[in-house]
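*Asks:* Generate coordinates for the sequence data below:
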Amino acid sequence: MGFFPPFEPSTPQQGTQAFQPPSSPPPQFIPQQTQATSFAVNPGAIHGCLFRFTYIWQRNGEQYWFVPVFVGSRSVSGFRWTGRQWIFFGVDTRQIISFSCF
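*Replies:* Sure thing, here's the model as predicted:
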């Protein structure tokens, strides 16, 4: 299966890169959770999910579709699906126990 990004970054403005939310909702399925990690998610691992639909499972029990646009040393930010719309959102990688990207 090929990779088709759900959206493209918009034109950078004044030295910063602005991103638009995906133009379509996420897939209608919930993937099966992979093995949970004991420690923080490795930012290098989630970096491979940039601009892709990604399902996140958090330590607090929350789970949701997410499209990461930035991965830092201890956080990831992007667009989270609320069930009706995409909102900009960030999460500490130490709070993510598992993720799966498509």
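
*Asks:* just checking, residue 27 is part of a strand?
*Replies:* No. Counting by DSSP: H, G, I helix; E, B strand; the rest coil, residue 27 falls outside a strand, being coil.

*Asks:* List phi and psi for it.
*Replies:* Residue 27 has phi and psi values of phi -50, psi 150 when expressed as degrees, to the nearest 10.

*Asks:* Skip the chain neighbours and tell me the closest residue to it.
*Replies:* residue 53 (6.1 Å; CB to CB, 6 or more residues apart in numbering). C-betas here are computed from N, CA, C, even on glycine.

*Asks:* is it true that the one you found touches residue 26?
*Replies:* Yes. Counting by CB atoms under 8 Å, residue 26 is a contact partner of residue 53 at 5.0 Å.

*Asks:* wait, what's in contact with the residue nearest to residue 27?
*Replies:* 6, 22, 26, 27, 65, 67, 101, 102 (CB atoms under 8 Å, 6 or more residues apart in numbering).
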